[in-house]
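In: please find the sequence and the predicted model below.
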Amino acid sequence: MKVNSSYIPFQETGYFSKIVTDYLNNEKQLQPFYTYQPNLESVKKAIEVRKNFKTNRVVLVNELRKQYEGITLHEKQELNLNSLLKENTFTVTTAHQPNIFTGPLYFIYKILHVIKIADEWNTVFKDCHFVPIFFMGSEDADLEELGYINIEGVKYVWETTQTGAVGRMKVDKKLLALIEKISGQIGVYKFGNEFIQLLKLCFTEGKTIQQATLEFVNILFQEFGLLILIPDNKNLKEEFKAIILKELEHNFSNKEVQNTVNQLNNNYKTQTSGRAINLFYLTNNARNRIVNEYGTFGLKTENNTFQQIDIQHEIENNIQAFSPNVVLRPVFQELILPNIAFIGGGGELAYWLELKNVFQQAEVPYPILLLRNSFLIIEKQYTKLLEKYLISKKELFLQLDKLLAEMMKRKIDDKFSAEIQKAIHEIKINYQAIKNKIQPHYPTLSEHTNALETKTLKSLQALEKKIIRAEKKKNAALINQITKLKESLFPKNSLQERVENIASFYAKYGSVIFNEIYNHSLTIEQQFAILNIEND
């Protein structure tokens, strides 16, 4: 498998928000909302801070070992796991919910990014060791978001009746039937059946989704030394108890988020404003909000009823039921891990930028934030099209109508565009001469003259658009090819990585696809990668 890579700035793609591109550009107005610049000097500073913060490494390692019971660890995983007991070992972390069968491609890209960073920093900082961690957000209850995948334009949906935290749901017959349907699509490829067998090995009836996902992700990345942590865990949440109590007694996180959001709203559209209490309560089939109504704690259920609970009793006897939401989950993560850097997508970075003061109030170190790597994988047949029509990297990210307009302009350049531009230039000169002559004598006619000039220029621009439309009609085959290319590379008018699953790429190229993505992954350079697969 031969792969070539090239890179462009994230902002040139047009697919990332202003708050994200401003963060990447180190804009002054955002600097108060995070602690570290994403560079190697910041890694040294973050290490010193983490050294002075007590992480319960024994509990962390013990719980990881329990989670891996029955799974044979790769030697690199064993090394990383043992190393976590040492004070000079730190983690590089990404997080995601347990989308079925890994969900969209960026699930994979996140994981390979933390692996690449850990490997690089292990060579740069010789007196430290870095471990890549995948922190599973298994307590998320949004099955509508997590219960489907897309493979080459086909959407597969898990039609289960289960409710509550997705990670606690069980693999059922409907999910197994989904694997069979996927097999029918990708089984024709060289490694398709291999991928299906991995799914069948991990997703067996009755197993929880979080356990099945752990096993599946582990098979894919164990040779890289990745460790997977399921935080839906009694002993890990015991470490978080003091912050849970502080949140229930003082609603501290909501106050801090509200203050930060008010400041950010001066320049950006914020993502989350949190709730009065940023905790949920987990049962076997529900994830209910914890509320305080008139001094009484209770649960706000899905049908908006209030169910009183003895909050002190639950904290002492059922701590695992307490589940941090999007505001406190990052604090929980950074509390239980000796973490230096968090790698997240654009949306994640946006809400992490709201949380610096929450971390300060919780007295937990705030990590270095890095935007996860993004990739566009272009297979051989599409690479040939791009070369044939001289479509640049930047043009490739244009919306379809704008890309086609640019291509049509190129085709008519030699015939008409130069003449039209020359005419526009001459019109501007002529009108300026007219204005210079009439201004001293008829100053009130200046606005009228400007309006005439504008009308004339608009007529020429309209003529150019009509020429482009006529050119499109003459090039229907080309337009059809480019339309199909855009639909394949940007499904649903979105980035490939936000829609497509890894299944088809694994089915065609095997597990080597992970090595290629790893090899072409950047670490802290923060650019969008384009991967051209040169052979079949």
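Out: Now that the structure is in, tell me what you want to look at. Residues are numbered from 1 along each chain as shown.

In: can you name every helix or strand that the helix or strand bottoming out on mean pLDDT in the chain contacts?
Out: Least confident helix or strand, the chain: helix 446-474 with a mean of 77, by mean pLDDT, DSSP states H and E. Where contact means 3 or more C-beta pairs under 8 Å, 6 or more residues apart in numbering; DSSP states H and E, helix 446-474 is packed against helix 400-412, helix 418-438. C-beta here means a position set from N, CA and C on the backbone, and glycine is covered the same way.

In: could you dump those to JSON lines with mean pLDDT and distance to Leu478?
Out: Shown next, in JSON lines, are these (pLDDT from 0 to 100; distance: least, C-beta to C-beta, whole Å):
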{"stretch": "helix 400-412", "mean pLDDT": "84", "distance to Leu478": "7"}
{"stretch": "helix 418-438", "mean pLDDT": "79", "distance to Leu478": "22"}
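
In: can you list the domains in this structure?
Out: 3-239+327-373+508-533, 381-489 (automatic domain parsing).

In: among those, which is the most enclosed?
Out: Mean neighbour count (mean count of other C-beta atoms under 10 Å) peaks for domain 3-239+327-373+508-533 among the domains of the chain, with a mean of 19.

In: rounded mean pLDDT for that one, please.
Out: The average pLDDT for domain 3-239+327-373+508-533 rounds to 97.

In: out of the domains of the chain, which is closest to Leu282?
Out: When the domains of the chain are compared by C-beta to C-beta, domain 3-239+327-373+508-533 sits nearest Leu282, at 5.7 Å.

In: now do the helices in the stretch 101-250 of the chain.
Out: Remark: helices assigned in the stretch 101-250 of the chain by DSSP state H, counting those that start in this stretch are 106-124, 143-146, 173-186, 192-202, 209-221, 234-238, 241-250.

In: quick one: contacts of the fourth one?
Out: So the one you mean is helix 192-202. 101, 176, 179, 182-183, 186-187, 212-213, 215-216, 219-220, 503, 506-507, 510 (C-beta atoms under 8 Å, 6 or more residues apart in numbering).

In: apply 7 Å and report the result again.
Out: Contacting residues not belonging to helix 192-202 are listed as 101, 179, 182-183, 186-187, 212, 215-216, 219, 503, 506-507, 510 [C-beta atoms under 7 Å, 6 or more residues apart in numbering].

In: the next helix or strand along the chain from the least confident helix or strand of the chain vs helix 400-412, what angle?
Out: Of the helices and strands lying after helix 446-474 in sequence (DSSP states H and E), the nearest is helix 476-489. Calculated by axes from the mean of the first three to the mean of the last three C-alpha atoms, to 10 degrees, helix 476-489 forms an angle of 140 degrees with helix 400-412.

In: show me what helix 476-489 is packed up against.
Out: Counting contacts by 3 or more C-beta pairs under 7 Å, 6 or more residues apart in numbering; DSSP states H and E, helix 476-489 packs against helix 380-388, helix 400-412.

In: for those, give me JSON lines that also has distance to Asn235.
Out: Below are the helices and strands packed on helix 476-489 laid out as JSON lines (distance: least, C-beta to C-beta, whole Å):
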{"stretch": "helix 380-388", "distance to Asn235": "49"}
{"stretch": "helix 400-412", "distance to Asn235": "52"}
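
In: tabulate the helices and strands packed on helix 446-474 (JSON lines), appending distance to His113.
Out: JSON lines is the format used below for those (distance: least, C-beta to C-beta, whole Å):
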{"stretch": "helix 400-412", "distance to His113": "29"}
{"stretch": "helix 418-438", "distance to His113": "45"}
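
In: which among those is found nearest to Ile391?
Out: Nearest of the helices and strands packed on helix 446-474 (C-beta to C-beta): helix 400-412, 7.3 Å.

In: need the CA coordinates for that closest one. PDB is fine.
Out: What follows is helix 400-412, C-alpha atoms only, in PDB (Å, rounded to 0.1, in the frame of the first residue of the first chain):
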ATOM      1  CA  LEU A 400     -19.700  21.900  -5.200                       C
ATOM      2  CA  ASP A 401     -21.300  24.900  -6.900                       C
ATOM      3  CA  LYS A 402     -18.200  27.100  -6.200                       C
ATOM      4  CA  LEU A 403     -15.800  24.400  -7.300                       C
ATOM      5  CA  LEU A 404     -17.700  23.900 -10.600                       C
ATOM      6  CA  ALA A 405     -17.800  27.700 -11.100                       C
ATOM      7  CA  GLU A 406     -14.000  27.800 -10.700                       C
ATOM      8  CA  MET A 407     -13.500  25.000 -13.100                       C
ATOM      9  CA  MET A 408     -15.800  26.600 -15.700                       C
ATOM     10  CA  LYS A 409     -14.000  29.800 -15.300                       C
ATOM     11  CA  ARG A 410     -10.700  28.100 -16.100                       C
ATOM     12  CA  LYS A 411     -12.300  26.600 -19.300                       C
ATOM     13  CA  ILE A 412     -13.500  29.900 -20.600                       C
END
